[in-house]
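**Student:** Need coordinates for the following:
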Amino acid sequence: MNDSSGWVATRLLLEMGRITRDNLSRDEALNKIAHLILNSFEVASVAVLVRDLTSNAVYVSSSVALSEDDLLVPPDITLRCSDQSCLRKALTNPDMPLALDCPTDDPVLGPMKGPSMIVPMKFGNEVTGFVLLGRSQFPARSVSDELLMAVAAQAGIIAAKASLMGNLRQSEERYQSLMENARDLVFLLDRGGRFLYVNRACSGVFGCSPGEVQGRYFGEFVTPESWAKTIAAVKGAASRNEKHIEYSWEIQNGDSCTVLEVRASLLYQEGELLMHQGIARDLSHEKKLQEEIVRRDQELDRSKGREEKMREYLAVANLAQEEERARIAREIHDGALQYLIALGRRLDLLEKSLATAFHSPSMADLSFEDVHSLLDTAVVDLREFARNLRPPVLDDFGLVSACEWLADQTEKEGITTRFSVRGPVCKLPRDVENSVFRIAQEAISNAIKHSGATTVDFIMEFTGKSLMLTLRDNGKGFEPPESPGALVRAGQMGLIGMFERAELLSASVRLESSPGCGTGLRVEIPIQTA
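**Tutor:** Model (predicted):
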């Protein structure tokens, strides 16, 4: 290397050293380096490529030339390396520049018009990029390989440093953004207890801006008791060389007092406490929320208790109602019915006596026939009424027989009823059988009175865990209510009673109907065998 080239190399390396000290981004630093090389060597174009170590790609960080026609590659693009590329060949010998003495059509870089050179940029043992030189005098070897490798190595160091500094700035910005936008108070105290830093949350805590708080002692903002406790806690932790500490601050604002829970880290220098940083959180809002949650839980428990008591009350009321039905049915059967039957017999005797006395049918015979007809009708109606109040078959033979009797009664009304039982029949508790029977009775009653149906399918299915009650008719149907609450407004008291009984049994009810399409009822009752 002659004196002239030595002076150029020295100037180039000194300028690159200055770039190292500047606080530039990676692309800014590499762009300056590319211009330095272009102005220092007899080359027409320079490109600096940064290599991604995790993929086969390079990013063109800078590409400069004496004229646009001399550009090696366009700047600000990413190229995917292939095994046939000159870049891949340069990686096989990263300690020496790769000279291309004739025009080359590279699959990655494209056409290389004239003599060119690829110099690997190394940082440590890794090739972190490439410096491309075009139309140089390298065939004459006016610049040594050692100088080119030194320049490329310096560029690699600058690129790595700039990348690290850029990542550090981004990390600091994210950290600063997190601290500034945090809802909690973030602070830094020196060893004397003065604020070196506070975030914007201090305005809501202390009522002052960060600029007004910084440089003041924390004891100016907290109660004397909190100041004393904090100093004692920090001194005790420092004497034990502890790195983490927790304490609380009480801040008096007029008549109100805010309590902040503080978690802090103690920073030491040569064994001496230097400063400590922490996060202070106002837990009063959280405590209010917790108290509200507890209060609502208690209200919910009380509501559930009242609901459970109401369910018990309704169960007892239903049982009492069934008992009353049974008592009234017995009284009708044993009282009024027997009197009417006895009255009929007395009339028979009176009729015979009159016929014997007058030795011929009297005009009163017609009246007696009318009275007999009325008595017979009254007896039949009372018996039917008594059966509907409390069918004896339900008490004597159980739920299945009672539902079969209900199907027979529907047949007598002129409606074809297909009754079937599926699964192994099991005995149910008395109150459950009562409620299931009343649900079925109400559904049958609606089909008889309102639907105009000619057929009814009545299915009882025992699954072991539940009893499925299904009734479907081919009647005129109706628009079912959106919710059980709508039944009250519609005055459909029978359906209300059906839903209430199902609720007491913890049963699910599905009512399906539409005008002209009949009505279907499906009730699933969880069962526990008696």
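**Student:** Can you give me the end-to-end span of stretch 406-419?
**Tutor:** 10 Å (Cα to Cα, to the nearest Å).
**Student:** next one: stretch 502-509
**Tutor:** Looking at stretch 502-509, the gap from its leading to its trailing residue is 7 Å under the measure Cα to Cα.
**Student:** Also stretch 264-277?
**Tutor:** Criterion Cα to Cα; first-to-last residue distance in stretch 264-277 is 5 Å.
**Student:** in it, what counts as buried?
**Tutor:** The neighbour-count check on stretch 264-277 (16 or more other Cβ atoms under 10 Å) flags Ala264, Leu266, Leu273, Met275, His276 as buried. Any C-beta I mention is one placed from the backbone N, CA and C, and that applies to glycine too.
**Student:** Against Ala443, how distant is Ser514?
**Tutor:** 17 Å (Cβ to Cβ, to the nearest Å).
**Student:** which one of the two has more residues nearby?
**Tutor:** Taking other Cβ atoms under 10 Å, Ser514 and Ala443 do not tie; Ala443 has more neighbours (26 against 11).
**Student:** about what we covered before: let me have the buried residues of stretch 264-277 in a markdown table, extended by secondary structure and pLDDT.
**Tutor:** Conversion of the buried residues of stretch 264-277 to a markdown table gives the following (DSSP: H, G, I helix; E, B strand; the rest coil; pLDDT from 0 to 100):
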| residue | secondary structure | pLDDT |
| --- | --- | --- |
| Ala264 | strand | 92 |
| Leu266 | strand | 92 |
| Leu273 | strand | 90 |
| Met275 | strand | 90 |
| His276 | strand | 90 |
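**Student:** Determine which two of those residues are furthest apart.
**Tutor:** Within the buried residues of stretch 264-277, Ala264 and Leu273 form the most distant pair, 11.5 Å apart (Cβ to Cβ).
**Student:** so where's the stretch 101-250 of the chain shaky on pLDDT?
**Tutor:** 136-143 (pLDDT under 70).
**Student:** And the helices in it?
**Tutor:** Using DSSP state H, counting those that start in this stretch, the helices of the stretch 101-250 of the chain run over residues 145-181, 202-206, 210-213, 224-239.
**Student:** Excluding its own residues, what touches the second one? List them.
**Tutor:** Read it as helix 202-206. Here helix 202-206 makes contact (Cβ atoms under 8 Å, 6 or more residues apart in numbering) with Leu185, Phe187, Cys208, Ser209, Pro210, Val213, Phe221, Ile251, Thr258, Leu260, Ala280, Asp282.
**Student:** what's near enough to touch the second one?
**Tutor:** Read that as Phe187. Under the criterion of Cβ under 8 Å, 6+ apart, the contact list for Phe187 reads Phe195, Tyr197, Val198, Asn199, Cys202, Phe218, Gln277, Gly278, Ala280.
**Student:** Now with 7 Å, please.
**Tutor:** If a contact means Cβ atoms under 7 Å, 6 or more residues apart in numbering, then Phe187 has Phe195, Tyr197, Val198, Gln277, Gly278, Ala280 as its contacts.
**Student:** From Ala443, how far out is Val432?
**Tutor:** Between Val432 and Ala443 the distance, using Cβ to Cβ, works out to 17 Å.
**Student:** Any regions of the stretch 351-500 of the chain where pLDDT drops low?
**Tutor:** Ranges of the stretch 351-500 of the chain meeting pLDDT under 70: 351, 354-376, 378-391, 482-494.
**Student:** let's go with 80 and repeat that
**Tutor:** Under the criterion pLDDT under 80, the flagged ranges of the stretch 351-500 of the chain are 351-396, 480-497.
**Student:** got the residue ranges for the strands in it?
**Tutor:** Residue ranges of the strands in the stretch 351-500 of the chain, as given by DSSP state E, counting those that start in this stretch, are 416-422, 455-462, 466-473.
**Student:** Mean neighbour count, the ones you listed: which tops it?
**Tutor:** Per residue and on average, the most neighbours among the strands of the stretch 351-500 of the chain fall to strand 466-473, with a mean of 21 (mean count of other Cβ atoms under 10 Å).
**Student:** re earlier: need the strands of the stretch 351-500 of the chain in a markdown table (columns: distance to Arg302).
**Tutor:** Conversion of these to a markdown table gives the following (distance: least, Cβ to Cβ, whole Å):
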| stretch | distance to Arg302 |
| --- | --- |
| strand 416-422 | 43 |
| strand 455-462 | 38 |
| strand 466-473 | 31 |
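**Student:** who touches the host helix or strand of Asn39?
**Tutor:** Secondary structure here is read from DSSP states H and E; on that basis Asn39 sits in helix 26-40. Where contact means Cβ under 7 Å, 6+ apart, the residues beyond helix 26-40 that reach it are 8, 12, 15-16, 19, 46, 48, 61-62, 64, 151, 155, 158-159, 162-163, 166.
**Student:** Quickly run through the sheet partners of the next helix or strand along the chain from it, with directions.
**Tutor:** Scanning the chain past helix 26-40 towards its C-terminal end, the next helix or strand to appear is strand 45-52 (assignment: DSSP H and E). Partner strands for strand 45-52, per DSSP bridges, with pairing direction: strand 57-65 (antiparallel), strand 126-134 (antiparallel).
**Student:** tell me the most buried of the ones you listed?
**Tutor:** Counting by mean count of other Cβ under 10 Å, strand 126-134 has the highest mean neighbour count of the strands paired with strand 45-52, with a mean of 23.
**Student:** Kindly export that one (C-alpha atoms) in CSV.
**Tutor:** As requested, C-alpha coordinates have been extracted for strand 126-134 and formatted as CSV (Å, rounded to 0.1, in the frame of the first residue of the first chain):
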residue,chain,number,x,y,z
GLU,A,126,-21.1,-14.4,12.0
VAL,A,127,-21.5,-12.8,8.6
THR,A,128,-24.0,-10.1,9.2
GLY,A,129,-24.1,-8.6,5.7
PHE,A,130,-22.2,-7.7,2.6
VAL,A,131,-20.6,-4.6,1.0
LEU,A,132,-20.9,-4.7,-2.8
LEU,A,133,-18.5,-2.6,-4.9
GLY,A,134,-19.1,-2.0,-8.6
